[in-house]
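>>> Sequence plus the predicted model coming up.
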Number of protein chains: 2
Amino acid sequence: MSSRTTARRHRRAPSAPKTLDVPRKLPRQERAQATVEAILRATAHILRTKGWDECNTNAVAKRAGVSIGSLYQYFPSKEALIAALAERHAQEGLKILVESVAAARAREVPLSFEATVFHYISAMVTLHSHDPELHRVLVEQVPRLPGGQEVIRRTSSHAASLVRAWLDTQREHLRIVDLDVATYMLVTAVEAIQHLQVVHRPEQLSREVLVTELTHLVLGYLGVTRAGR
Amino acid sequence: MSSRTTARRHRRAPSAPKTLDVPRKLPRQERAQATVEAILRATAHILRTKGWDECNTNAVAKRAGVSIGSLYQYFPSKEALIAALAERHAQEGLKILVESVAAARAREVPLSFEATVFHYISAMVTLHSHDPELHRVLVEQVPRLPGGQEVIRRTSSHAASLVRAWLDTQREHLRIVDLDVATYMLVTAVEAIQHLQVVHRPEQLSREVLVTELTHLVLGYLGVTRAGR
DNA sequence: GCGAGACCTGAGCCTTTGCTCACATTATTG
DNA sequence: CAATAATGTGAGCAAAGGCTCAGGTCTCGC
């Protein structure tokens, strides 16, 4: 059986509008919240260690120490389960970013332009060092989930708005004309390099070199002049 | 059933070393070559239009107009089938790159440094415009295939060697010290931006803008001074 | 303490699909 | 024109795993 498309297509209610509610039912008691939590943790663990294929709902329920029925009480399908995990992962990531921006803004002595870039890049690299295996699996599989593209779009666009806002305050230092395009390029480039780093994990670049080079890349693109390497 | 890991794990020959030969048997007659060709085309078509999940071996055989048995005569598993397609796709891509480099080298009046970068970037963008749907699916799924990482590694490293060789002839123009790191950054950044462009296809950037901005990115990183936008 | 509803259980139904095998057809060789 | 090898066929096996349902247990307000 195809792990994905098959799901939720059984005989019952053939005309019912495919309920893709996430979660199907909200946990109201503490007990239930613990169940949901255990399920999500188990999902993350299996995804991380065994990958998408071994991550079937029976295995998740087993590892979570709950019955398969409980799982389906809160998640209408395997897709919804993983989508929920992805959503959570994305929110955690955004939180780190937002905090990083806030930290930079809160400084009494503001950082220089270059130092700020360095600061943000470091935050991004740190972000991608958290649980890279899970990140890897999610990044690979979420796009194909129903609603997955939407999660990605929302998350990127939130991140982009942060960058865009900051660039806007720094116009004077930049050669850039179209800030939207510049934002897109920067967010994409930095995200994408991390992406490949995580997906193919070549162990090729140390964290320091990666941060330095990404900073060069960003500053170079923005047209900020600086001393040679 | 999980579409992937399950395969080729059936009762027969439990101790036999998992034959992952690709192809299992070489087509010697023209007829057989046509069969293999039809199978690969069908695979590409279904992957492109229906995605990984709908791309099961029965459907491929049906669309190819051959029996399922014939498919398994040449491809020992679904994974091997898609791996073969990926290999072919990668080779075609490399060919375009190599030709692009050859074309630049063969010019009587050599291009300027900037123009050369522009030329290569254009080639890369063109490359990713061919059959983006298929590219998208392959890029998403190949890493998880047995041997998929290897295909990716081989392909990238071939491409990287081309870039690295060219950079080496241009040392004088660059701020760069470590050419290996620079090569990695450039190949990764350009590839990755295209990657995201294809995967999320935001229709956000026109081809022209994309090429221009990528060129800026590369030149900026390399530390080549240029007139403002 | 009791009723209602929230929560949990897990055997097993049912579909999908990778893949085999016994046999048929077509090409090649001598 | 055999004989042999290469190629092609497709019904169907068997396993995997998503998901349901009929029934239990727990919690909480009154």
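Yep, that arrived.
>>> ok, the residue lying closest to residue A:96 once chain neighbours are set aside - how many residues close by?
Distances taken as C-beta to C-beta, 6 or more residues apart in numbering or on different chains place residue A:127 nearest to residue A:96, at 5.2 Å, with adjacent residues excluded. The C-beta positions use only the backbone N, C-alpha and C, and glycine is treated the same way. Residue A:127 is flanked by 18 other residues according to other C-beta atoms under 10 Å in any protein chain shown.
>>> Could you do residue A:37 as well?
Neighbour tally, residue A:37, other C-beta under 10 Å: 12.
>>> quick check: domain ranges of chain A?
Taking automatic domain parsing as the criterion, chain A consists of the domains A:30-74, A:82-222.
>>> what's the least confident stretch among those?
Comparing mean pLDDT across these, the weakest is domain A:82-222, with a mean of 91.
>>> picking that back up, who are the neighbours of the helix or strand hosting the residue nearest to residue A:96, in terms of helices and strands?
In the assignment (DSSP states H and E), residue A:127 maps to helix A:113-129. Contacts defined by 3 or more C-beta pairs under 8 Å, 6 or more residues apart in numbering or on different chains; DSSP states H and E place helix A:113-129 against helix A:78-105, helix A:179-200, helix A:207-222.
>>> Kindly calculate the angle that the shortest one makes with helix B:207-222.
For helix A:207-222 against helix B:207-222, the angle by axes from the mean of the first three to the mean of the last three C-alpha atoms, to 10 degrees is 130 degrees.
>>> buried set for helix A:207-222?
Applying a neighbour-count criterion of 16 or more other C-beta atoms under 10 Å in any protein chain shown, one finds A:210-222 buried in helix A:207-222.
>>> what's the angle from it to helix B:179-200?
Using the same axes, to 10 degrees: helix A:207-222 against helix B:179-200 is 70 degrees.
>>> likewise the longest one?
With the same axes, to 10 degrees as the criterion, the two stretches helix A:78-105 and helix B:179-200 enclose an angle of 130 degrees.
>>> Can you give me the buried ones in helix A:78-105?
A:78-87, A:89-90, A:93-94, A:97, A:100-101, A:104.
>>> now residue A:165: how far from residue B:190?
Distance of residue A:165 to residue B:190, given as C-beta to C-beta, to the nearest Å: 27 Å.
>>> I meant to write residue A:117 there.
20 Å.
>>> so after the strand or helix carrying residue A:61, what's the next helix or strand?
In this structure, residue A:61 sits in helix A:57-64 according to DSSP H and E. For helix A:57-64, the following helix or strand on the C-terminal side (DSSP H and E) is helix A:68-74.
>>> Counting by contacts, list what that next one packs against.
Packing partners of helix A:68-74 (3+ C-beta pairs under 8 Å, 6+ apart): helix A:30-50, helix A:57-64.
>>> Run a quick neighbour tally on the residue of chain A found nearest DNA strand C.
Proximity of chain A to DNA strand C (C-beta to the nearest atom of the strand) peaks at residue A:69, 1.9 Å away. For residue A:69, the count of nearby residues is 8 (other C-beta under 10 Å).
>>> Geometrically speaking, which residue is the centre of chain A?
residue A:90 (3.7 Å; C-alpha atoms, centre = their mean).
>>> quick one, what contacts that residue?
A:151, A:152, A:154, A:155 (C-beta atoms under 8 Å, 6 or more residues apart in numbering or on different chains).
>>> List just the nearest of those residues to residue B:37.
The closest of the contacts of residue A:90 to residue B:37 turns out to be residue A:152 (C-beta to C-beta; 35.8 Å).
>>> surely that closest one meets residue A:142?
Yes. Here residue A:152 reaches residue A:142: they are 6.6 Å apart, a contact under C-beta atoms under 8 Å.
>>> what would the helices and strands packed on helix A:113-129 look like in JSON lines with distance to DNA strand D?
As requested, the helices and strands packed on helix A:113-129 are exported to JSON lines (distance: least, C-beta to the nearest atom of the strand, whole Å):
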{"stretch": "helix A:78-105", "distance to DNA strand D": "4"}
{"stretch": "helix A:179-200", "distance to DNA strand D": "23"}
{"stretch": "helix A:207-222", "distance to DNA strand D": "36"}
